[in-house]
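Novice: Predicted model, plus sequence, below.
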Protein chains: 2
Amino acid sequence: MRRPTIKDVAERAEVSLKTVSRVINDEPGVRARTREKVNQAIAALGYRPDPSARSLRSAQPYALGVVYDNPNPYYIIAVQNGVLSACRETGYGLQIHPCDASSPVLAADLIDLVQGARLAGLVLAPPMSERMELVNELVEQGIRLVRIVSASADPHDGAPCVWVDDRDAAYDITEHLIQLGHQRIGFLWGGTSHKSSSERYKGYAKALADYGIVEDETLVLPGDYSFDDGFRGARRLLSLPEPPTAIFGSNDEIAAGVLAAARSSGLNVPYDLSIAGFEDSPFSKQSWPPLTTASQATEAIARHAAYRLIAELRRDGNVDTHPNEGFSPVLVVRGSTAPPRPKA
Amino acid sequence: MRRPTIKDVAERAEVSLKTVSRVINDEPGVRARTREKVNQAIAALGYRPDPSARSLRSAQPYALGVVYDNPNPYYIIAVQNGVLSACRETGYGLQIHPCDASSPVLAADLIDLVQGARLAGLVLAPPMSERMELVNELVEQGIRLVRIVSASADPHDGAPCVWVDDRDAAYDITEHLIQLGHQRIGFLWGGTSHKSSSERYKGYAKALADYGIVEDETLVLPGDYSFDDGFRGARRLLSLPEPPTAIFGSNDEIAAGVLAAARSSGLNVPYDLSIAGFEDSPFSKQSWPPLTTASQATEAIARHAAYRLIAELRRDGNVDTHPNEGFSPVLVVRGSTAPPRPKA
């Protein structure tokens, strides 16, 4: 099976090779109708730009880097896949760069990475994306980037981003628990280095306040986005003189730890204890009972972030077609939440 | 904090810059004692080779690509992290390339990838690594690669690899179930495109034969390495007139599906049904009960594969220091397996 070439596209669209090349590389100087004809020919032939030809032509850097520090494989793979799908449609490669967010030489490392690998730009995942001193240093060094951040609105801080409204979704989860009849609702943090965790806490606190429930500090515990911290936190909450009837783990890994702690204490979920997570990871559907959670479209978020960056790289700042954009995770109710048992 | 430079290393080791450069790039012509002095200086100063300087010097390709098609995020992240740790120690970058193993143009795509991104070489994960027609085509095109394959011994097929002895570990799991007293042991396949699945089946079948248990074909079902196929397969096995007392899912995702099916049928695991998986993924420790499984050191396997490739790239075929190597997963017994209930 011969792969269609740029020449086939040019013949079918009845335009020059140069014009096809311009359309593929999203360069200016092509009329809208011509551009459409070329895109139709590309679609009809199933043509894919050849990244090797592209690199030979331009001798420009043409790979993006994804930078993350997160112990959650489901989240990382979703981010990688989202960025990759944008890279493939536009002919970019993808390098991955897991890193230690607490490293004092992180900025220098990332600058090395971009220059050494001649990357076109970086997609920064949390928590690196939320460190403005790091972001500013990279921008000052001329590094093109886009960030995935947790925020309830466009931060308008000068650096491109897509934002995820964790606060709003955490409000919905807490409200769901309150409407089931819960008053004592535990909350397990996911690490202060992640802004998403404080945003989720704010949503929790606001829902309690809106429903006139006084927050009990003993029900709110620090920790990381991990199964182990969910397990430990739940054990502590369940050993309180007056334990909570529901626990909101600020991600699904934490909620899975809460579920294991409940089971090892002989509790029947959801009747003795309701549990909610956040993220809608595959195992939130596969646990028993499956977890009530918030579904965040991580792959779509990452894809949009990559397009945001690529638009900026190609159009030199004219990013009207791909502005900053916000995403709101959606409440998903499953079997791990139910009304509390009536008091005896 | 100033980062140590190659000059600092040369001064401390009292050698020339050129010598340090040779040691870093693993080039010949440096005496063992001098090499050791340089390595000590590197360690003492915490010096890391600067990939940007390296690329400017050599203008050679210096990123590896990891090629995979696997739905299991834990496996992929472990492979990525293993390859990355070798890349970082040797100054290579890493591009990732998930792909469709069934694509008819896969070889052309991979050749495009290597040439377009000027990759130094590829690490092929299963199942691509096990398609000899694909591997041979890549090798013929001059692409340097290493494969991670499932085999019970070095395949000696001319292309570099590390091999994982799935058969041996599957034998151990099956033997463990037999020694607990199980005679009717179900087996759920993980897809015929993965050689690991047929190797695991062979280990299962050999253990049954060695213990004089006649294999019952109705207890062996096809499927993929997925939770859903584990769930479906278990439902079928449990609805047999004489259901199995134990089920061996050929990976942990399958075993998790079996666990959910058992629970949704009201069975008490392990007393009504023993369940074993394969891989020792994080959730095999986190499920309730935790899963008996085989622990495969995926990250170490991938790291060795990357070193195998890098040794080949640098020494032009002299890979005595990093030969093909085999890894054997190890049986891990947890709470999901127990003796069968005595017959009433």
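Specialist: Yep, it's here. What you see is a predicted model, and the numbers here were worked out from it, not measured in a lab.
Novice: Up against chain B, what does the stretch 201-344 of chain A have?
Specialist: A:227, A:256, A:257, A:259, A:260, A:263, A:264, A:282, A:283, A:286, A:287, A:288 (Cβ under 8 Å from any Cβ of the partner chain). Just so you know, the C-beta spots here come from the backbone N, C-alpha and C atoms, and that holds for glycine as well.
Novice: Just the pLDDT at the third one, thanks.
Specialist: Residue A:257 carries a pLDDT value of 95.
Novice: helix or strand for it, which one?
Specialist: helix A:252-264 (DSSP states H and E).
Novice: Any part of stretch A:119-128 near chain B?
Specialist: No: figure legend: stretch A:119-128 not in contact with chain B (Cβ under 8 Å from any Cβ); closest approach 8.7 Å.
Novice: Alpha carbons of that stretch, in PDB - could you do that?
Specialist: C-alpha atoms of stretch A:119-128 as PDB (Å, rounded to 0.1, in the frame of the first residue of the first chain):
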ATOM      1  CA  LEU A 119      12.400  21.400  21.600                       C
ATOM      2  CA  ALA A 120       9.900  23.800  20.100                       C
ATOM      3  CA  GLY A 121       8.200  24.300  23.400                       C
ATOM      4  CA  LEU A 122       7.000  22.800  26.700                       C
ATOM      5  CA  VAL A 123       3.700  21.600  28.100                       C
ATOM      6  CA  LEU A 124       3.900  22.000  31.800                       C
ATOM      7  CA  ALA A 125       1.600  19.900  34.000                       C
ATOM      8  CA  PRO A 126       0.900  20.700  37.700                       C
ATOM      9  CA  PRO A 127       2.600  21.400  40.000                       C
ATOM     10  CA  MET A 128       5.400  22.900  37.900                       C
END
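Novice: tally of neighbours for residue A:211?
Specialist: 12 (other Cβ atoms under 10 Å in any protein chain shown).
Novice: and the helix holding residue A:257, what does it pack onto?
Specialist: helix A:227-238, strand A:246-249, strand A:274-276, helix A:282-286, helix B:282-286 (3 or more Cβ pairs under 8 Å, 6 or more residues apart in numbering or on different chains; DSSP states H and E).
Novice: Mean pLDDT per element in chain A, and the minimum belongs to which helix or strand?
Specialist: Least confident helix or strand of chain A, by mean pLDDT, DSSP states H and E, is helix A:51-58 with a mean of 43.
Novice: Now do the helix or strand following that helix against strand B:63-68, angle only.
Specialist: For helix A:51-58, the following helix or strand on the C-terminal side (DSSP H and E) is strand A:63-68. Inter-element angle recorded for strand A:63-68 and strand B:63-68: 70 degrees (by axes from the mean of the first three to the mean of the last three Cα atoms, to 10 degrees).
Novice: quick one: the helices in chain A?
Specialist: A:6-13, A:17-24, A:32-45, A:51-58, A:73-90, A:106-116, A:132-140, A:166-179, A:195-210, A:227-238, A:252-264, A:282-286, A:298-315 (DSSP state H).
Novice: any low-confidence regions in the stretch 201-344 of chain A?
Specialist: A:315-321, A:344 (pLDDT under 70).
Novice: so who does the nearest residue to residue A:323 once chain neighbours are set aside touch?
Specialist: In space, residue A:323 comes closest to residue A:308 once its chain neighbours are excluded; the distance is 7.7 Å by Cβ to Cβ, 6 or more residues apart in numbering or on different chains. Applying Cβ atoms under 8 Å, 6 or more residues apart in numbering or on different chains to residue A:308 gives the contacts A:146, A:160, A:161, A:162, A:319, A:322, A:323, A:324, A:325.
Novice: which of the residues you listed lies closest to residue A:277?
Specialist: Checking these against residue A:277 by Cβ to Cβ gives residue A:162 as the nearest, at 22.3 Å.
Novice: quick one, what contacts the nearest residue to the closest one once chain neighbours are set aside?
Specialist: Among residues not flanking residue A:162 along the chain, residue A:305 sits closest, at 4.7 Å (Cβ to Cβ, 6+ apart). Applying Cβ under 8 Å, 6+ apart to residue A:305 gives the contacts A:82, A:83, A:123, A:146, A:147, A:148, A:161, A:162.
Novice: mind checking how far residue A:305 is from chain B?
Specialist: From residue A:305 across to chain B, the span is 17 Å (Cβ to the nearest Cβ, to the nearest Å).
Novice: hmm, back to that, identify each buried residue in the helix holding residue A:257, please.
Specialist: A:252, A:253, A:254, A:255, A:256, A:257, A:258, A:259, A:260, A:261, A:262, A:263 (16 or more other Cβ atoms under 10 Å in any protein chain shown).
Novice: ok, now stretch A:72-88?
Specialist: A:72-88.
Novice: quick one: is it near chain B?
Specialist: Yes: looking at stretch A:72-88 against chain B by Cβ under 8 Å from any Cβ, the contacts come from A:73, A:74, A:76, A:77, A:80, A:81, A:84.
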